[in-house]
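>>> What follows is a predicted structure for the sequence shown.
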Amino acid sequence: MRAVWGASKRGVVAGLLIAWVLLISTSAFAQHTYYISKSLGSDSRTPTQAQSKSTPWAHVPGMQSCASNCASYTPAAGDNFILYGGDSWLAADLAINTCPSGCWNGSVGNPISITVDKTWYNSSVCGGSWCRPIFNLQNSTGTLVGGSVVWLYSDYWVFDNVEITGYQQSGGGGNVVAIVGTGVEVKNVYIHNFSRTAGSSGSNSVCFVTNGSSGGGGGSSIHDSICDGADSPNQDFMGGILHGNSVYNNVIRYVYNGMNGAFNDIHGNLIEHNYISTSGDHCNMIFPQGTFSGETIKIYNNVIRNKTCGTTLFTLANSNDTNLIAYQYNNVLYDNASGNDGIGSGGHDPTGVYYDYNNTVVSLDNCFGNGEAPATKSVTHYENNHCVAPTVCVAAGTSCVDGGGNLQQTAAQANSNKSPHYDQYTDKQTYAYSPVAASNSTVGAGNNLSSMCSGNLAALCSDTAYATYDQANHTVVMRTVNARPASGAWDIGAYLFQDGPIQPPTGVKATAH
């Protein structure tokens with residue numbers, strides 16, 4: 001009995017020792033919150049002092065001008081760096097590099113964050129409520145790292161709620177925010193007032209880029225962010241988002257290309273008002289050129305309007321995509337210049353299968369089609385779409401498969417005062433081309449696709465989220481979705497009519513179009 005007790009006691013002591021070691025180890029890497037203020041801070045303060053709002057650092061570790069104790073600190077998984085609302089960091093302070101000499105990685109569930117506390121702000125700048133901290137590049141690129149102002153090379157970082165203004169591309173150009181690491185999240189960022197010098201090419205810069213080479217950028221996202229060139233001095237800047245694993249609930253406007261490159265998931269975005277490049281670059285709204293990873297892409301709940309040139313929504317299979325599958329549904333396209341199909345699909349060479357469901361497409365050309373040859377193996381399936389267009393699907397380089405439930409109208413029919421429907425679909429509605437009465441032609445006239453609503457089509461069983469732009473606060477506002485019926489006929493197009501006109505969101509400044 002004594003021997004058994006002794007063994008048990010030794011086990012308890014060993015267990016306590018292990019627990020103590022783990023506690024010490026965990027404490028050494030516990031997450032901390034550090035406060036950063038350009039107006040109040042000093043980099044000479046200790047890391048312990050910087051954990052207080054009253055004694056912040058002046059810079060985030062990794063900033064170009066971070067010095068002293070700020071520069072010697074190594075960020076650890078779970079660290080939060082809180083930027084003082086309303087403060088401005090200037091060109092001399094930038095860029096930000098998360099991998100200056102060895103990478104600072106967060107971990108799953110414990111990212112390293114550059115973010116905000118909306119109770120902590122500079123009232124002399126913001127007034128009575130919080131406003132974003134500002135990176136003001138003062139009509140320069142700053143000191144670019146990896147060709148970017150914010151270089152998120154490390155894994156599991158969050159970059160949140162920063163306003164970036166005054167970026168000016170010169171020479172070879174560069175990007176504003178770049179994702180290279182795995183599991184990186186960029187959100188609530190507002191980029192505007194960008195420009196380029198006369199001697200540089202407008203095709204060399206974008207607001208956001210995800211660098212997927214060598215597997216980088218996997219599991220990353222860009223969401224609820226704004227790239228707005230409306231106040232750009234020369235409105236001569238390439239693009240909003242170049243490549244992305246998941247990009248959603250963003251507003252991209254007044255650039256050449258809204259979204260271009262390789263993607264896996266594009267949803268809930270507003271893309272509007274692109275313009276022709278003075279340096280001869282392509283102009284497009286949403287132009288996926290293959291997948292970011294795998295061979296499946298889903299594009300849904302997007303609003304694409306006011307296109308000046310190029311493609312509206314064109315999903316292209318590339319050489320990586322031997323069997324591309326694209327799901328495109330609940331999108332709303334209208335007020336776009338002639339020249340390309342509403343929703344186009346195809347590829348330079350490989351196979352592609354495209355499923356287009358419940359879209360509302362107003363086009364001067366085709367509702368669906370293919371402008372790329374020789375994509376002779378591509379197939380476009382379309383069902384439950386509201387097409388205000390001269391033709392529904394043109395099989396130039398692809399085959400069209402009509403699943404039924406589609407409604408084709410002319411513009412005059414869509415806005416008609418004739419019985420029995422008295423349709424009133426126009427671009428002047430709060431949500432463009434939505435039904436306003438139970439008797440409208442799209443209501444209860446489609447096929448029920450409930451059996452498809454899983455996996456990549458999970459959101460198909462709701463109608464469109466429809467993004468709008470709150471220009472006062474520079475945020476994207478999403479319409480509340482309605483669930484489509486599990487049985488019985490669905491409404492055609494992106495919207496579901498439910499016993500009354502679709503109501504606008506409250507407290508949002510309207511956007512003219």
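Noted; the coordinates are in hand. This is a predicted model, so every value here is computed, not measured.
>>> which residues touch residue 389?
342, 361, 362, 363, 364, 365, 366, 367, 408 (C-beta atoms under 8 Å, 6 or more residues apart in numbering). Any C-beta I mention is one placed from the backbone N, CA and C, and that applies to glycine too.
>>> Run through the helices of the stretch 301-450 of the chain in chain order.
Applying DSSP state H, counting those that start in this stretch to the stretch 301-450 of the chain gives helices spanning 411-414.
>>> that older thread, I'd like to know which of the contacts of residue 389 are buried.
342, 361, 362, 363, 365, 366, 367 (16 or more other C-beta atoms under 10 Å).
>>> Just those: which are in strands?
361, 362, 366, 367 (DSSP state E).
>>> shaky segments in the stretch 151-300 of the chain?
173, 201-203, 212-214, 279-280 (pLDDT under 70).
>>> Now residue 257: closest residue in space that isn't a chain neighbour?
residue 239 (3.8 Å; C-beta to C-beta, 6 or more residues apart in numbering).
>>> Torsion angles phi and psi at that neighbour?
Per-residue torsions, residue 239: phi -150, psi 170 (degrees, to the nearest 10).
>>> now the strands for the stretch 51-200 of the chain?
80-85, 88-90, 96-97, 112-121, 134-140, 148-152, 157-160, 163-169, 175-179, 185-187, 190-192, 195-196 (DSSP state E, counting those that start in this stretch).
>>> coming back round to it: could the buried ones among the contacts of residue 389 go into a markdown table alongside pLDDT?
Formatted as a markdown table, the buried ones among the contacts of residue 389 follow (pLDDT from 0 to 100):
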| residue | pLDDT |
| --- | --- |
| 342 | 90 |
| 361 | 98 |
| 362 | 97 |
| 363 | 95 |
| 365 | 89 |
| 366 | 91 |
| 367 | 94 |
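>>> which ones are touching the closest residue to residue 309 other than its chain neighbours?
Once flanking residues are discounted, residue 309 sits nearest to residue 283: 4.3 Å by C-beta to C-beta, 6+ apart. Counting by C-beta under 8 Å, 6+ apart, residue 283 makes contact with 256, 257, 274, 275, 276, 277, 308, 309, 310.
>>> distance of residue 242 from residue 41?
Plainly put, residue 242 is 34 Å away from residue 41 if you go by C-beta to C-beta, to the nearest Å.
>>> next one: residue 329
48 Å.
>>> Looking at the two, which one has more neighbours?
Counted by other C-beta atoms under 10 Å, residue 329 and residue 41 do not tie: residue 329 has more neighbours, with 25 against 19.
>>> For residue 32, the count of nearby residues, please.
The burial count for residue 32: 16, using other C-beta under 10 Å.
>>> residues contacting it?
Contacts of residue 32 (C-beta under 8 Å, 6+ apart): 47, 51, 76, 78, 79, 80.
>>> Show me which of those are buried.
Counted by 16+ other C-beta under 10 Å, the contacts of residue 32 give 47, 51, 76, 78, 79, 80 as buried.
>>> ok, the second one - contacts?
Spelled out, it's residue 51. Contacts of residue 51 (C-beta under 8 Å, 6+ apart): 32, 33, 34, 35.
>>> any idea how far residue 81 is from it?
Taken as C-beta to C-beta, the span from residue 51 to residue 81 is 11 Å.
>>> intersection of neighbour lists for the two?
Joint contacts of residue 51 and residue 81 (C-beta under 8 Å, 6+ apart) are 33, 34.
>>> sorry, back to before: would you check which pair of the buried ones among the contacts of residue 32 lies furthest apart?
Distances among the buried ones among the contacts of residue 32 were taken as C-beta to C-beta; the most separated pair is 47 and 78, at 14.1 Å.
>>> And stretch 484-493, what's buried?
484, 490, 491, 492, 493.
>>> which other residues reach it?
By C-beta under 8 Å, 6+ apart, stretch 484-493 touches 358-360, 384-386, 405-407, 433, 435, 441-450, 460-463, 496-497.
>>> Just the buried ones among those, please.
358-360, 384-386, 405-407, 433, 435, 441-449, 460-463, 496-497.
>>> Which ones among those residues map onto strands?
360, 386, 407.
>>> OK, contacts around the second one?
Right, residue 386. Counting by C-beta under 8 Å, 6+ apart, residue 386 has contacts 359, 360, 361, 406, 407, 409, 425, 433, 442, 492, 493, 494.
>>> hmm, 7 Å instead?
Neighbouring residues of residue 386 by C-beta atoms under 7 Å, 6 or more residues apart in numbering: 360, 407, 442, 492, 493.
>>> go on, the last one?
Going by C-beta under 7 Å, 6+ apart, residue 407 touches 386, 387, 441, 442, 445, 492.
>>> rerun that using 10 Å as the cut-off
360, 384-388, 392, 413-414, 423, 441-442, 445-446, 491-493 (C-beta atoms under 10 Å, 6 or more residues apart in numbering).
>>> again, but for residue 53
33, 35, 37, 40, 82, 84, 117, 119, 120.
>>> cool, and residue 267?
Per C-beta under 10 Å, 6+ apart, neighbours of residue 267: 223, 246-250, 298-302, 329-331, 459, 464-465, 467.
>>> hmm, 8 Å instead?
With C-beta under 8 Å, 6+ apart, residue 267 has these contacts: 248, 249, 298, 299, 300, 301, 302, 459, 465.
>>> can you pull up the bridge partners for the first one?
Judged by DSSP bridges, the bridge partners of residue 248 are residue 223, residue 267.
>>> need the contact list for it.
With C-beta under 8 Å, 6+ apart, residue 248 has these contacts: 221, 222, 223, 224, 265, 266, 267, 268, 269.
>>> quick one: which of those residues is nearest residue 125?
residue 224 (22.6 Å).
>>> Max pairwise distance over the contacts of residue 267: which two?
Applying C-beta to C-beta across those, the maximum distance is between 249 and 298, 14.7 Å.
>>> Could you measure from the nearest residue to residue 466 once chain neighbours are set aside over to residue 465?
Distances taken as C-beta to C-beta, 6+ apart place residue 479 nearest to residue 466, at 4.1 Å, with adjacent residues excluded. Separation of residue 479 from residue 465 (C-beta to C-beta): 6 Å.
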